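Participant: Provided below for reference: sequence and predicted model.
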Amino acid sequence: MTEPSWGGAQRFTHRFVRATEAGLPPLLLLHGTGGDETDLLPLGRTLLPGTALLSPRGAVLENGMPRFFRRLAEGVFDEDDLRRRAADLAGFVAAARTAYGLAAPVAVGFSNGANIAAALLLLHPEVLAGAVLLRPMVPLRETPPADLAGRPVLMLSGAADPIVPAANVGSLAERLRAAGATVTHETLPVGHGLSQADVVRAGAWLQRLAAA
(Lines give C-alpha, C1' and ligand atoms only; values in the text may rest on other atoms or scores of the structure.)
Protein backbone atom coordinates (compact mmCIF):
# COMPACT_ATOMS: atom_id res chain seq x y z
CA MET A 1 0.00 0.00 0.00
CA THR A 2 1.06 3.60 -0.51
CA GLU A 3 1.92 5.54 2.63
CA PRO A 4 2.49 9.28 3.12
CA SER A 5 6.03 10.63 3.19
CA TRP A 6 7.52 12.28 6.26
CA GLY A 7 8.87 15.82 6.14
CA GLY A 8 12.41 17.06 6.60
CA ALA A 9 15.33 14.70 6.17
CA GLN A 10 12.97 11.72 6.14
CA ARG A 11 11.15 12.80 2.99
CA PHE A 12 10.98 9.85 0.61
CA THR A 13 8.11 8.83 -1.59
CA HIS A 14 7.77 5.15 -0.75
CA ARG A 15 5.66 2.03 -0.69
CA PHE A 16 5.13 -0.09 2.38
CA VAL A 17 3.76 -3.62 2.30
CA ARG A 18 2.79 -5.06 5.66
CA ALA A 19 4.01 -8.51 6.69
CA THR A 20 1.65 -11.43 6.38
CA GLU A 21 3.93 -13.77 8.35
CA ALA A 22 5.43 -13.03 11.76
CA GLY A 23 9.10 -13.32 12.61
CA LEU A 24 10.63 -12.49 9.22
CA PRO A 25 13.18 -9.68 8.83
CA PRO A 26 11.71 -6.72 6.92
CA LEU A 27 13.36 -5.83 3.62
CA LEU A 28 14.46 -2.33 2.63
CA LEU A 29 14.27 -2.34 -1.18
CA LEU A 30 16.64 0.08 -2.93
CA HIS A 31 16.24 0.36 -6.70
CA GLY A 32 18.82 1.06 -9.39
CA THR A 33 19.06 4.15 -11.59
CA GLY A 34 15.75 4.82 -13.30
CA GLY A 35 13.71 2.66 -10.92
CA ASP A 36 11.15 3.82 -8.41
CA GLU A 37 9.37 2.70 -5.25
CA THR A 38 7.51 -0.06 -7.12
CA ASP A 39 10.51 -1.45 -9.00
CA LEU A 40 11.75 -4.10 -6.56
CA LEU A 41 8.47 -5.02 -4.87
CA PRO A 42 8.04 -8.19 -6.99
CA LEU A 43 11.64 -9.18 -6.20
CA GLY A 44 11.08 -8.63 -2.47
CA ARG A 45 7.94 -10.78 -2.52
CA THR A 46 9.87 -13.53 -4.31
CA LEU A 47 12.96 -13.44 -2.12
CA LEU A 48 11.21 -13.67 1.24
CA PRO A 49 7.45 -14.27 0.89
CA GLY A 50 5.32 -12.82 3.66
CA THR A 51 7.80 -10.32 5.04
CA ALA A 52 7.28 -6.54 5.33
CA LEU A 53 8.64 -4.49 2.44
CA LEU A 54 9.76 -0.86 2.65
CA SER A 55 10.63 0.62 -0.73
CA PRO A 56 11.65 4.29 -1.05
CA ARG A 57 12.22 6.19 -4.29
CA GLY A 58 15.60 7.86 -4.74
CA ALA A 59 15.28 11.62 -4.33
CA VAL A 60 17.89 12.59 -6.95
CA LEU A 61 17.07 12.90 -10.64
CA GLU A 62 19.62 12.23 -13.40
CA ASN A 63 18.15 13.08 -16.80
CA GLY A 64 14.74 12.44 -15.28
CA MET A 65 15.73 9.08 -13.78
CA PRO A 66 15.53 8.60 -9.98
CA ARG A 67 18.73 7.78 -8.12
CA PHE A 68 19.70 7.76 -4.45
CA PHE A 69 22.69 10.11 -4.88
CA ARG A 70 24.48 12.13 -7.53
CA ARG A 71 27.34 10.91 -9.66
CA LEU A 72 29.87 12.91 -11.64
CA ALA A 73 30.37 10.22 -14.30
CA GLU A 74 29.87 6.47 -14.70
CA GLY A 75 31.41 4.96 -11.57
CA VAL A 76 32.49 8.37 -10.20
CA PHE A 77 30.34 9.40 -7.26
CA ASP A 78 29.68 12.82 -5.72
CA GLU A 79 30.83 11.73 -2.29
CA ASP A 80 29.58 14.81 -0.44
CA ASP A 81 26.12 14.24 -1.87
CA LEU A 82 26.33 10.52 -1.11
CA ARG A 83 27.12 11.20 2.55
CA ARG A 84 24.21 13.64 2.80
CA ARG A 85 21.78 11.29 1.06
CA ALA A 86 22.87 8.33 3.18
CA ALA A 87 22.12 10.38 6.31
CA ASP A 88 18.69 11.25 4.88
CA LEU A 89 17.98 7.60 4.14
CA ALA A 90 19.10 6.58 7.62
CA GLY A 91 16.65 9.11 9.05
CA PHE A 92 13.87 7.78 6.83
CA VAL A 93 14.47 4.21 7.96
CA ALA A 94 14.41 5.25 11.63
CA ALA A 95 11.12 7.11 11.10
CA ALA A 96 9.62 4.20 9.17
CA ARG A 97 10.55 1.75 11.90
CA THR A 98 8.67 3.88 14.42
CA ALA A 99 5.70 4.52 12.14
CA TYR A 100 5.25 0.91 11.01
CA GLY A 101 6.60 -0.97 14.04
CA LEU A 102 9.48 -2.59 12.17
CA ALA A 103 12.63 -4.33 13.29
CA ALA A 104 15.89 -3.21 11.70
CA PRO A 105 15.59 -4.15 8.02
CA VAL A 106 17.83 -6.10 5.71
CA ALA A 107 18.61 -3.97 2.66
CA VAL A 108 18.20 -5.45 -0.81
CA GLY A 109 19.86 -3.02 -3.20
CA PHE A 110 20.61 -3.20 -6.91
CA SER A 111 23.36 -1.11 -8.55
CA ASN A 112 22.82 2.48 -7.32
CA GLY A 113 20.64 1.04 -4.55
CA ALA A 114 23.37 -1.43 -3.59
CA ASN A 115 25.87 1.41 -3.40
CA ILE A 116 23.80 3.50 -1.01
CA ALA A 117 23.12 0.37 1.04
CA ALA A 118 26.88 -0.15 1.30
CA ALA A 119 27.24 3.50 2.34
CA LEU A 120 24.61 2.96 5.05
CA LEU A 121 26.56 -0.03 6.37
CA LEU A 122 29.79 1.98 6.53
CA LEU A 123 28.41 5.34 7.73
CA HIS A 124 25.32 4.32 9.73
CA PRO A 125 25.94 0.70 10.77
CA GLU A 126 23.11 0.75 13.30
CA VAL A 127 20.46 1.18 10.58
CA LEU A 128 20.57 -2.23 8.88
CA ALA A 129 20.41 -5.78 10.20
CA GLY A 130 22.21 -6.97 7.05
CA ALA A 131 22.25 -6.47 3.32
CA VAL A 132 21.99 -8.12 -0.07
CA LEU A 133 24.16 -6.05 -2.41
CA LEU A 134 23.50 -6.78 -6.09
CA ARG A 135 26.27 -5.36 -8.36
CA PRO A 136 27.76 -3.01 -5.73
CA MET A 137 30.85 -0.80 -5.91
CA VAL A 138 32.97 0.89 -3.24
CA PRO A 139 30.76 3.88 -2.42
CA LEU A 140 33.29 6.11 -0.66
CA ARG A 141 37.06 6.38 -0.73
CA GLU A 142 37.29 6.88 3.04
CA THR A 143 34.87 6.19 5.87
CA PRO A 144 35.17 6.29 9.67
CA PRO A 145 35.59 2.99 11.50
CA ALA A 146 32.32 1.06 11.54
CA ASP A 147 31.26 -1.75 13.86
CA LEU A 148 29.51 -4.37 11.73
CA ALA A 149 30.32 -7.27 14.05
CA GLY A 150 28.43 -10.33 12.86
CA ARG A 151 26.30 -8.36 10.39
CA PRO A 152 25.45 -10.68 7.45
CA VAL A 153 26.09 -9.33 3.95
CA LEU A 154 25.60 -11.10 0.62
CA MET A 155 27.35 -9.56 -2.39
CA LEU A 156 26.57 -10.80 -5.89
CA SER A 157 28.76 -9.58 -8.75
CA GLY A 158 28.72 -10.24 -12.49
CA ALA A 159 31.81 -11.67 -14.18
CA ALA A 160 30.87 -9.83 -17.40
CA ASP A 161 29.76 -6.61 -15.67
CA PRO A 162 31.05 -3.69 -17.79
CA ILE A 163 30.41 -1.16 -15.00
CA VAL A 164 31.92 -2.68 -11.84
CA PRO A 165 35.63 -3.69 -11.88
CA ALA A 166 36.39 -6.90 -10.03
CA ALA A 167 39.10 -5.21 -7.97
CA ASN A 168 36.66 -2.51 -6.85
CA VAL A 169 34.03 -4.91 -5.56
CA GLY A 170 36.75 -7.02 -3.96
CA SER A 171 37.88 -3.96 -2.03
CA LEU A 172 34.34 -3.41 -0.80
CA ALA A 173 34.10 -7.00 0.43
CA GLU A 174 37.38 -6.62 2.31
CA ARG A 175 36.34 -3.29 3.84
CA LEU A 176 33.10 -4.78 5.13
CA ARG A 177 34.93 -7.82 6.50
CA ALA A 178 37.46 -5.56 8.23
CA ALA A 179 34.52 -3.83 9.96
CA GLY A 180 33.37 -7.22 11.26
CA ALA A 181 30.63 -8.11 8.78
CA THR A 182 30.10 -11.73 7.79
CA VAL A 183 30.42 -11.38 4.02
CA THR A 184 29.48 -13.91 1.37
CA HIS A 185 30.68 -12.72 -2.04
CA GLU A 186 29.87 -14.62 -5.23
CA THR A 187 30.67 -13.74 -8.82
CA LEU A 188 28.10 -15.04 -11.27
CA PRO A 189 28.58 -15.62 -15.03
CA VAL A 190 26.36 -12.66 -15.93
CA GLY A 191 26.59 -8.93 -16.68
CA HIS A 192 25.30 -5.93 -14.74
CA GLY A 193 21.61 -6.84 -15.00
CA LEU A 194 19.85 -9.12 -12.57
CA SER A 195 19.48 -12.78 -13.45
CA GLN A 196 17.56 -15.77 -12.19
CA ALA A 197 20.78 -16.91 -10.52
CA ASP A 198 20.71 -13.74 -8.40
CA VAL A 199 17.14 -14.44 -7.35
CA VAL A 200 17.89 -18.04 -6.41
CA ARG A 201 21.01 -17.24 -4.40
CA ALA A 202 19.60 -14.16 -2.68
CA GLY A 203 16.36 -15.95 -1.82
CA ALA A 204 18.15 -18.96 -0.34
CA TRP A 205 20.47 -16.68 1.66
CA LEU A 206 17.59 -14.61 3.06
CA GLN A 207 15.60 -17.71 3.96
CA ARG A 208 18.58 -19.13 5.85
CA LEU A 209 18.95 -15.80 7.62
CA ALA A 210 15.26 -15.77 8.58
CA ALA A 211 15.49 -19.32 9.92
CA ALA A 212 18.59 -18.68 12.03
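Facilitator: Great, that's in hand. Numbering: from 1, shown residues only.
Participant: now the helices: where do they sit in this structure?
Facilitator: Taking DSSP state H to define them, one finds helices in the chain at 41-47, 79-100, 112-123, 166-178, 196-211.
Participant: now, of the ones you listed, which is deepest in the fold?
Facilitator: Of the helices of the chain, the one with the most neighbours on average (mean count of other Cβ atoms under 10 Å) is helix 112-123, at a mean of 27. All C-beta spots, glycine's among them, are computed from the backbone N, C-alpha and C.
Participant: Can you spell out which helices and strands pack onto that helix?
Facilitator: Packing partners of helix 112-123 (3 or more Cβ pairs under 8 Å, 6 or more residues apart in numbering; DSSP states H and E): strand 27-30, helix 79-100, strand 106-110, strand 130-134, helix 166-178.
Participant: Below-threshold pLDDT in this protein: ranges please.
Facilitator: Within the chain, the segments meeting pLDDT under 70 span 1-10.
Participant: thinking again about what came up before, can I get the helices of the chain in TSV with distance to residue 59?
Facilitator: Converted to TSV, the helices of the chain look like this (distance: least, Cβ to Cβ, whole Å):
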stretch	distance to residue 59
helix 41-47	19
helix 79-100	7
helix 112-123	11
helix 166-178	24
helix 196-211	25
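Participant: from the chain's centre, how far out does stretch 104-119 sit?
Facilitator: How far stretch 104-119 lies from its chain's middle: 1 Å, per Cα atoms, centre = their mean, to the nearest Å.
Participant: ends of that stretch, how far apart?
Facilitator: End-to-end distance for stretch 104-119: 16 Å, by Cα to Cα, to the nearest Å.
Participant: can you start the count at 25 instead of 1 from here on
Facilitator: I'll keep to 25 as the first residue from here, and by that count the last item is stretch 128-143.
Participant: What backbone torsions are found at the residue lying closest to residue 103 once chain neighbours are set aside?
Facilitator: Excluding its sequence neighbours, the residue lying closest to residue 103 (Cβ to Cβ, 6 or more residues apart in numbering) is residue 164, at 5.5 Å. Dihedral pair for residue 164: phi -140, psi 140, per degrees, to the nearest 10.
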